[in-house]
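Q: My questions concern the predicted model and sequence given below.
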Amino acid sequence: MPRPADHKTERYQIRIAPAQKAMIARAAALSHQDVADFILNKVVPEAQAVIEAAEVTKVSDRNFTRILDLLENPPKPNAKLRAAIAALPDTL
């Protein structure tokens with residue numbers, strides 16, 4: 001997939017073993033892509049997956065319903081919570 005000419009790009013340099021470079025070049029050729037496009041097509045989705053795994057919390061439908069219920073109907077503060085609130089400084 002050719003990169004659009006109108007988008008600004010930056011160079012990214014890495015050191016790589018010759019055997020790895022050759023393997024990537026071969027895989028790119030077999031995929032009918034240039035090396036840069038091949039690498040980007042593999043790395044960008046992986047980067048997105050890592051970010052999503054770090055930033056998105058997934059819960060079951062049952063737990064989601066429980067969370068919503070607790071937000072809409074929070075329990076009354078117990079003694080430990082009242083003590084923790086009392087121990088807070090006056091300003092945060």
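A: Happy to help now that I have it. Because the structure is a prediction, the values reported are computed rather than measured.

Q: Only C-alpha atoms from now on, for both contacts and neighbour counts.
A: Fine.

Q: What pLDDT does the model give residue 19?
A: Looking at residue 19, its pLDDT stands at 98.

Q: just residue 92 next, same as before
A: Here, the pLDDT recorded for residue 92 equals 67.

Q: Could you look up the SS state of residue 74?
A: Put simply, residue 74 is coil when judged by DSSP: H, G, I helix; E, B strand; the rest coil.

Q: give me every residue that touches it.
A: Listed by Cα atoms under 8 Å, 6 or more residues apart in numbering, residue 74 has no contact partners.

Q: If we use 10 Å, what do you get?
A: By Cα atoms under 10 Å, 6 or more residues apart in numbering, the residues touching residue 74 are 67-68.

Q: any idea how far it is from residue 66?
A: 11 Å (Cα to Cα, to the nearest Å).

Q: Check residue 80 too.
A: According to Cα to Cα, residue 80 stands 22 Å off from residue 66.
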